[in-house]
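**Q** Just a sequence and a predicted model for now, questions to come.
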Amino acid sequence: ENIGGSHCYEIFTGSEQFKQLMEDEPGSFFVTDFLARHFEKLVFNGLGLDRFPKLRNAYFGKYRKMVYLVKRENTDTLARAEAAAESVGLELEVRHTGYGGFQKFLETK
């Protein structure tokens, strides 16, 4: 999923849509299907927020919303994305991207 920071998210949304999203709200924390499904273990627990909730502001205080880039629609994954956003106090925005330019990206590598 993480193919080089925010650039991997640009692959799914397309350059123009990603640029517009960043201009509209630069304080966005992005998740894709994988991270939405595993947010609790990898991020919430991984950063120790389950044990030290006061760290929430240190990690997520500058973010304004969580943007879920949906590659494949799945109600369970959407529910997990909603729970992830709520667990760190962020508004959730859902954007259906599919795989976007990911195949093209792979062909150029």
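**A** It's in.
**Q** Pull the longest helix anywhere in the chain out as CSV, backbone CA atoms only.
**A** Looking across the chain with DSSP state H, the single longest helix is helix 75-87. Extracted in CSV, the C-alpha atoms of helix 75-87 (Å, rounded to 0.1, in the frame of the first residue of the first chain):
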residue,chain,number,x,y,z
THR,A,75,-19.6,-2.9,3.9
ASP,A,76,-17.3,-4.4,6.5
THR,A,77,-14.3,-2.4,5.3
LEU,A,78,-16.4,0.8,5.3
ALA,A,79,-17.5,0.1,8.8
ARG,A,80,-13.9,-0.4,9.8
ALA,A,81,-12.9,2.9,8.1
GLU,A,82,-15.7,4.7,10.1
ALA,A,83,-14.5,3.1,13.3
ALA,A,84,-10.9,4.1,12.5
ALA,A,85,-11.9,7.8,11.9
GLU,A,86,-13.9,7.9,15.1
SER,A,87,-11.1,6.3,17.1
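**Q** Just want the most central residue of this structure.
**A** Val31 (1.6 Å; C-alpha atoms, centre = their mean).
**Q** Just list the residues touching that one, thanks.
**A** By C-beta atoms under 8 Å, 6 or more residues apart in numbering, the contact set of Val31 is 39, 66-69, 81, 84. All C-beta atoms are positioned from the backbone trio N, CA, C, and that covers glycine.
**Q** neighbours of Glu82, just the number please.
**A** 15 (other C-beta atoms under 10 Å).
**Q** Find the residue closest to it in space, skipping its chain neighbours.
**A** In space, Glu82 comes closest to Leu92 once its chain neighbours are excluded; the distance is 5.7 Å by C-beta to C-beta, 6 or more residues apart in numbering.
**Q** Check the gap between the closest residue to Phe44 other than its chain neighbours and Lys41 for me.
**A** Distance criterion C-beta to C-beta, 6+ apart; nearest residue to Phe44, sequence neighbours excluded, is Ser87 at 5.5 Å. Applying C-beta to C-beta, to the nearest Å, the value for Ser87 to Lys41 is 12 Å.
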